[in-house]
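[1] Structure of the sequence below:
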Amino acid sequence: MAAPLVLETLSIDKKKIHFFQSLPFFLFHGVGLVGAFFVSFKWSFLALCLGSYYLRMFAITAGYHRYFSHRSYRLNRFFQFLMALLGSTTAQKGVLWWAAHHRHHHQFSDQPGDLHSPALDGFWWSHVGWILSDHLNETDWKRIPDFAQCQELKFLNRFWIIPLSVYGAAIYFVGGWEIFYWAFILSTILLWHGTFTINSLSHVYGSRRYATTDTSRNNFWLALITMGEGWHNNHHCYMSSTNQGFFWWEIDMSYYILRVLSCLGIVSGLRKPPLDLLENKRLKC
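    Sure, this is the predicted structure:
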């Protein structure tokens, strides 16, 4: 087992990008750029791209984030595995790696030691540099003890490339090159940057309703892109809530889907924030 991460500050030498490890990330972008000149456009292709994007965005928002990072609702072990399996197709590394690093972020949000603070480390690092860093490869097992005993999750955490490869190969063999480009290559690129906006842009652009110790903000447009994660100030105010849109006009598609799954008996114990706590933390105009 690798030694756990202990980060108090992120020095320049720790912000080293591992080129070989990051090569697939850059190749995806290269193929995405070049392919745009050779692949035809159809509305059906765009629909498949967005379908693949939002299917896997749900696995990140409802799975990697709200379930594995924050335990904001309950799943049995079978559906827990399926959620982690779907999340592994997002090319955002292993489920326990992701959740452990996110818990670290909440402990130090916008403070020295935060893994991806735009205020401290700039846009590039907070958006994508940190996930490509050679220094942040290992899973911090001490931050994820509640799931570290699940061998199937440890397997997916180590071999997340397998579900990703099977997903891509299935799309290629069923749909051919053009479908592969739209539903896998382009969709994955958009999924990366859609997810990463929460680390970067949602700490810079938007409004603040609640007093928190960080710069988190609520942003309607980012909420649409990320199925509800854009209500980031809400989330940092009460991180264990399943819903991140606290009011009816705050669109939170991940929560709506989880409500449906709750009605079907697949998920349970959806958590909501106490109203008195929310009122006490409101910023005074």
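[2] Go through this structure and flag its longest helix.
    Secondary structure assigned by DSSP state H gives helix 161-180 as the longest helix of the chain.
[3] Just the C-alphas of whichever helix or strand comes after that one, formatted as PDB.
    Past helix 161-180, heading to the C-terminal end, the next element that is a helix or strand (DSSP states H and E) is helix 187-196. Taking Å, rounded to 0.1, in the frame of the first residue of the first chain, the C-alpha atoms of helix 187-196 are listed here in PDB:
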ATOM      1  CA  SER A 187     -18.100  13.600 -24.900                       C
ATOM      2  CA  THR A 188     -15.200  12.700 -22.600                       C
ATOM      3  CA  ILE A 189     -13.400  16.000 -23.400                       C
ATOM      4  CA  LEU A 190     -16.600  17.900 -22.600                       C
ATOM      5  CA  LEU A 191     -17.100  15.800 -19.400                       C
ATOM      6  CA  TRP A 192     -13.600  16.600 -18.200                       C
ATOM      7  CA  HIS A 193     -14.000  20.300 -18.500                       C
ATOM      8  CA  GLY A 194     -17.600  20.300 -17.400                       C
ATOM      9  CA  THR A 195     -16.600  18.600 -14.100                       C
ATOM     10  CA  PHE A 196     -13.400  20.700 -13.700                       C
END
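[4] if we can go back for a sec, which strands or helices does the longest helix of the chain pack on?
    Judged by 3 or more CB pairs under 8 Å, 6 or more residues apart in numbering; DSSP states H and E, the packing partners of helix 161-180 are helix 43-58. From N, CA and C alone the C-beta is placed, and that goes for glycine too.
[5] Direction-wise, compare the helix it packs on with helix 187-196 and give the angle.
    40 degrees (axes from the mean of the first three to the mean of the last three CA atoms, to 10 degrees).
[6] List the buried residues in helix 43-58.
    Neighbour counts using 16 or more other CB atoms under 10 Å place 45, 48-49, 52-54, 56-58 of helix 43-58 among the buried residues.
[7] Pick out the most distant pair among those residues.
    Among the buried residues of helix 43-58, the pair separated by the greatest distance (CB to CB) is F45 and F58, at 20.8 Å.
[8] ok, G129 - contacts?
    For G129, the contact set (CB atoms under 8 Å, 6 or more residues apart in numbering) comprises 15, 17, 121.
[9] Around the last one, how many other residues sit close by?
    Counted by other CB atoms under 10 Å, the residues lying close to D121 total 17.
[10] got it, and the second one?
    I17 has 17 neighbouring residues, counting by other CB under 10 Å.
[11] contacting residues for it?
    Counting by CB under 8 Å, 6+ apart, I17 makes contact with 129, 132-134.
[12] Pull out the CA atoms of the host helix or strand of F20 and give them to me as CSV.
    Element membership for F20 (DSSP H and E) is helix 19-35. Extracted in CSV, the C-alpha atoms of helix 19-35 (Å, rounded to 0.1, in the frame of the first residue of the first chain):
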residue,chain,number,x,y,z
PHE,A,19,3.8,13.9,-19.2
PHE,A,20,3.6,10.1,-20.0
GLN,A,21,0.8,9.6,-17.5
SER,A,22,-1.1,12.6,-19.0
LEU,A,23,-0.5,11.7,-22.6
PRO,A,24,-4.0,10.1,-23.1
PHE,A,25,-5.5,13.4,-21.9
PHE,A,26,-3.6,15.4,-24.5
LEU,A,27,-4.2,12.8,-27.2
PHE,A,28,-8.0,13.0,-26.6
HIS,A,29,-7.8,16.7,-27.1
GLY,A,30,-5.7,16.4,-30.2
VAL,A,31,-8.0,13.8,-31.7
GLY,A,32,-11.0,15.9,-30.8
LEU,A,33,-9.5,19.0,-32.5
VAL,A,34,-8.3,17.2,-35.7
GLY,A,35,-11.5,15.0,-35.9
